[in-house]
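In: Model the following, please.
(2 chains)
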2 protein chains.
Amino acid sequence: MSTNSLEALDSADALAPLRAQFDLPAGVTYLDGNSLGALPRAVREALNQTVDTEWGSDLIASWNKHRWIDLPVTVGEAIAPLVGAAPGQLVCCDSISVNLFKLLATALALRPGRRVILSQGDNFPTDLYMAQGLESLLGQQRCELRTASSDGLLEALDSDVAVMMLTEVNFRTGEKHDMRALTQAAHDAGALVLWDLAHSAGAMPVALDACNVDMAVGCGYKFFNGGPGAPAFLYLAKRHQNAVQQPLTGWMGHRNGFEFSPQYTPGVGVSQYLGGTPGVLGMRALQAALSLFESVSMSAVRDKSLALTETFMARVAEQPSLVAFKCLTPVSPEQRGSQVSLAHPEAFAISQALIDRGIIVDFRAPDIVRFGFAPLYNRFADVAKAVSVLEDVMESRHYEDPKYQVRAKVT
Amino acid sequence: MSTNSLEALDSADALAPLRAQFDLPAGVTYLDGNSLGALPRAVREALNQTVDTEWGSDLIASWNKHRWIDLPVTVGEAIAPLVGAAPGQLVCCDSISVNLFKLLATALALRPGRRVILSQGDNFPTDLYMAQGLESLLGQQRCELRTASSDGLLEALDSDVAVMMLTEVNFRTGEKHDMRALTQAAHDAGALVLWDLAHSAGAMPVALDACNVDMAVGCGYKFFNGGPGAPAFLYLAKRHQNAVQQPLTGWMGHRNGFEFSPQYTPGVGVSQYLGGTPGVLGMRALQAALSLFESVSMSAVRDKSLALTETFMARVAEQPSLVAFKCLTPVSPEQRGSQVSLAHPEAFAISQALIDRGIIVDFRAPDIVRFGFAPLYNRFADVAKAVSVLEDVMESRHYEDPKYQVRAKVT
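Out: Next comes the predicted model:
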């Protein structure tokens, strides 16, 4: 495929005008929106309003006047349609890690007599860690993390499994699970499912209700572009609400927190899953970022995402200089997310050389260069540029420069 | 004391110039900094820099380049000297509620064979709720919340108590505990202490190390002026670090999170207490707000705080029209924080009438009007104004207007 034909794809792209709603630095091809989404211009205005008018002028009255107190629900309900959730099941709060803890404990309580959390051995580490933390706290008589490979999940789904916790799109490989089939399999085995949508929410349609999902968590700072460390979200299907009490029982989850009763009474519905005072600045930024999704359909987002990744994979495959890369991301559209992961023994140095040349990717240990495609602002021209620079880095062997071996704290 | 003499106090106030570093709305006397601190002007610039340069231009590279990844420690270390903590014991993260959970679980693990969390029955509700949540999760064989009145704490400190969890300054009455004596008493009984500094940090010197405190939590959005829902902080004394593992084992608390190992290994020292990705916007705002404390001593802050509250109490006491108010805040300086709490059967309506007239206070159920004094920006003139408007509201009985009975969600 020629560069000309990619220009034609950009010209025909119905989502192309959205790029103008982001601030993107000149001279940079940003392919790391799956790690930190770019800055939507609407965020700046929303933050100025929040700081100047709400905090600065209206001060404490803003909790009512500007409905700060409702933000976890308001922002949650803005996310809900983007992940296929009817109202009343999703709140925005805390981090994915903390939300996983609340939901895993909930799952164990909903499945008395079962003690196993089943997950994938190469799930995102914090998901495994939070299960390990719960296991350590409760003891293995009450909670045990069991891991399996992607292929071994069904076999591992026995009558001890309380909940199967999976990330829909694998952070290393970009491989996408079949949410509907795996949820059904877990239910057939009497287990619940907890889906981590970190690499899917905002990049593709997610059908939580239609797939009969029990629980989910997701991220505000990747494809939702909510800013660094944006608050996360949490979904609990209506049928499971109010049946048990989650353990992080903070005052915002109380049925009537401003009665200041000494006795905790869980709030009705998913509001029970709130805890501490919501971080208003982070929530306002995420809320403004989500407004960009009001004018697009998630299926159009998905179509463009697949076209970007497919184009990238095809061009990489046809370049003789890139033959040393092994593509870990499935070719089949229904099996991949919105990234392409290329494995190479020198992946770290190659990723640094790319970044040095304005192609912002990231490295994932031990040997992966990740190219993330954010359909709201990435162009087919970015695909062309990335492949061209990658060819240059490989042909010139620039990545062998010792300076590209220096590792920073965050990789 | 005449208004003139209060003007003299303002003229002589060495902290008076700090007020100009805050944005405060015209025509308003803000006495609710103990609930939400006012907006420091430095925050606006810091947020613009974070959004435009860091997020907008440098994007993902900012985790290293602008040291976002270190913010929980950097901001923690900025707080540490303000609460009497040597380096390496304090991190900024999550909410007070979530941090309490981590520390309460730590305390139980540090005191095997003891299962009681002792607290005060009128402690801030979320503190009690988090203990109740842990109790529900672990069962009463492993964890039980016991409450006592302020006077009954010493008697309740028996050999079952693993940790005594107290808030230094009571949110309702403004009564301040003797941190040193109560910590010693707990240690004498073989228990640990966990102090909540929500209403003391930023308003007075706190001597965590010198008092031999084991654990503490505190708030970023009250006297530290970090903005609505600013991240909280957590202190764990060096001697207790690395002895046990806390339960909310997120990837930021891993010894080397960016190795992406499937197995959790706790980070060294207090860094183990981090969990999810830090909320950068909220941390940057708090960091900027804390810069205002660089030029002041906490003892000067305390002196002014006591002078403000003393002046207010004295003027209220001498007004015949205010005789129906019962002052719940101790007259003795060493027994009070930085607020004055006046009880009255019509407290709710009175607080609304005051707010309507530009005196921003808050109501605490069932019958308290809270007047919070923030020494960095409140003036003695604010004291005069508040008392004068309160007199007017009471003499005119304006508070009897039915509109002042309407309760909003947040009170």
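In: any chance you could map the helices in the stretch 51-200 of chain A?
Out: Along the stretch 51-200 of chain A, the stretches classed as helices by DSSP state H, counting those that start in this stretch are A:62-65, A:71-79, A:96-110, A:125-138, A:153-156, A:179-188.
In: Ok, which of the ones you listed comes nearest A:Gly372?
Out: A:Gly372 lies closest, by CB to CB, to one member of the helices of the stretch 51-200 of chain A: helix A:96-110, at 17.5 Å. Glycine gets a C-beta too; all of them are placed from N, C-alpha and C.
In: what about the closest one and chain B, touching?
Out: Yes - Helix A:96-110 reaches chain B (CB under 8 Å from any CB of the partner chain) through A:96-98, A:101, A:105.
In: just stretch A:354-373 next, same as before
Out: Yes - shown here: stretch A:354-373 in contact with chain B (CB under 8 Å from any CB) through A:355, A:360, A:362, A:364-365.
In: ok, now how distant is the closest residue to A:Pro40 other than its chain neighbours from A:Ala38?
Out: In space, not counting the residues next to it along the chain, A:Pro40 is nearest to A:Ala289; the distance is 4.7 Å by CB to CB, 6 or more residues apart in numbering or on different chains. Counting by CB to CB, to the nearest Å, the separation of A:Ala289 from A:Ala38 is 10 Å.
In: returning to what we had before: so the residue nearest to A:Pro40 is in contact with A:Asn225, correct?
Out: Yes - A:Ala289 is within contact range of A:Asn225, at 4.2 Å (criterion: CB atoms under 8 Å).
In: Same list, the residues of helix A:96-110 next to chain B, but as CSV with neighbour count and pLDDT please.
Out: Listed next are these as CSV, based on neighbours: other CB atoms under 10 Å in any protein chain shown; pLDDT from 0 to 100:
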residue, neighbour count, pLDDT
A:Ile96, 28, 98
A:Ser97, 26, 98
A:Val98, 27, 98
A:Phe101, 27, 98
A:Ala105, 22, 98
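In: one step back: which residues do A:Ala289 and A:Ala38 both contact?
Out: Here A:Ala289 and A:Ala38 have A:Asn225 as joint contacts, going by CB atoms under 8 Å, 6 or more residues apart in numbering or on different chains.
In: Which of those two has more residues huddled nearby?
Out: The neighbour count for A:Ala289 versus A:Ala38, taken as other CB atoms under 10 Å in any protein chain shown, is higher for A:Ala289 (30 against 24).
In: quick one: which helix or strand includes that one?
Out: Secondary structure from DSSP states H and E places A:Ala289 in helix A:280-290.
In: Name the surrounding residues that touch that helix.
Out: With CB under 8 Å, 6+ apart, helix A:280-290 has contacts from A:37, A:40, A:42-43, A:45-47, A:49-51, A:54-55, A:68, A:71-72, A:74-75, A:78-79, A:82, A:92, A:220, A:224-227, A:229-231, B:47, B:227-229, B:279, B:281-282, B:285.
In: correct me, but A:Ser321 touches A:Ser388?
Out: No - in this structure A:Ser321 lies outside contact range of A:Ser388 using CB under 8 Å: 10.8 Å.
In: Take the residues of stretch A:354-373 next to chain B and write them to TSV, including pLDDT.
Out: Output for the residues of stretch A:354-373 next to chain B, formatted as TSV (pLDDT from 0 to 100):
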residue	pLDDT
A:Ile355	97
A:Ile360	98
A:Asp362	95
A:Arg364	94
A:Ala365	89
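In: Which pair in the residues you listed has the greatest spatial separation?
Out: Taking CB to CB, no two of the residues of stretch A:354-373 next to chain B sit farther apart than A:Ile360 and A:Ala365, at 18.3 Å.
In: Derive a PyMOL selection command for the buried subset of the residues of stretch A:354-373 next to chain B.
Out: Selection of the buried residues among those in PyMOL, burial being defined by 16 or more other CB atoms under 10 Å in any protein chain shown:
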select buried, chain A and resi 355+360+362+364
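In: ok, so of the residues of stretch A:354-373 next to chain B, who is nearest A:Val296?
Out: The nearest one, if we look at the residues of stretch A:354-373 next to chain B relative to A:Val296 and count by CB to CB, is A:Ile360, at 23.3 Å.
In: close enough to count as contact, that closest one and A:Gly33?
Out: No - using CB under 8 Å, A:Ile360 is not in contact with A:Gly33; the gap is 9.3 Å.
In: rewinding a little: identify the contacts common to A:Ala289 and A:Asn225.
Out: Both A:Ala289 and A:Asn225 are contacted by A:37, A:40, A:43, under the criterion CB under 8 Å, 6+ apart.
In: Could you say which of those is surrounded by the most neighbours?
Out: A:Gly37 (30 neighbours).
In: contacting residues for that residue?
Out: A:202, A:221-227, A:289, A:374.
In: Quick check: the two most widely separated of those?
Out: Taking CB to CB as the measure, those have their most distant pair in A:Gly227 and A:Ala374, spaced 14.3 Å apart.
In: Among the contacts of A:Gly37, which are located in helices?
Out: Among the contacts of A:Gly37, the members falling in helices (DSSP state H) are A:Ala289.
In: Kindly reformat the contacts of A:Gly37 as TSV containing distance to B:Gly121 and pLDDT.
Out: Listed next are the contacts of A:Gly37 as TSV, based on distance: CB to CB, whole Å; pLDDT from 0 to 100:
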residue	distance to B:Gly121	pLDDT
A:Gly202	46	98
A:Tyr221	40	98
A:Lys222	44	98
A:Phe223	47	98
A:Phe224	42	98
A:Asn225	46	98
A:Gly226	40	98
A:Gly227	40	98
A:Ala289	43	98
A:Ala374	52	98
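In: Could you single out the nearest of the contacts of A:Gly37 to chain B?
Out: Distance to chain B, by CB to the nearest CB, is smallest for A:Gly227 among these, at 5.7 Å.
In: how near is A:Val389 to A:Ile359?
Out: Taking CB to CB as the criterion, A:Val389 is separated from A:Ile359 by 5 Å.
In: CA atoms only for the top helix by length along chain A, dumped as CSV, please.
Out: With secondary structure taken from DSSP H, chain A has its longest helix at helix A:298-318. The C-alpha trace of helix A:298-318 is given here as CSV (Å, rounded to 0.1, in the frame of the first residue of the first chain):
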residue,chain,number,x,y,z
MET,A,298,-18.1,3.3,19.2
SER,A,299,-18.5,1.1,16.1
ALA,A,300,-17.0,3.8,13.9
VAL,A,301,-14.1,4.1,16.4
ARG,A,302,-13.6,0.4,16.2
ASP,A,303,-13.7,0.4,12.4
LYS,A,304,-11.0,3.0,12.3
SER,A,305,-8.9,1.3,14.9
LEU,A,306,-8.9,-2.0,13.0
ALA,A,307,-8.1,-0.2,9.8
LEU,A,308,-5.1,1.5,11.4
THR,A,309,-3.7,-1.6,13.0
GLU,A,310,-4.4,-3.7,9.9
THR,A,311,-2.6,-1.1,7.7
PHE,A,312,0.3,-1.0,10.1
MET,A,313,0.7,-4.8,10.3
ALA,A,314,0.5,-5.1,6.5
ARG,A,315,3.2,-2.5,5.9
VAL,A,316,5.5,-4.0,8.5
ALA,A,317,5.0,-7.5,7.0
GLU,A,318,5.9,-6.3,3.5
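In: That'll do, ta.
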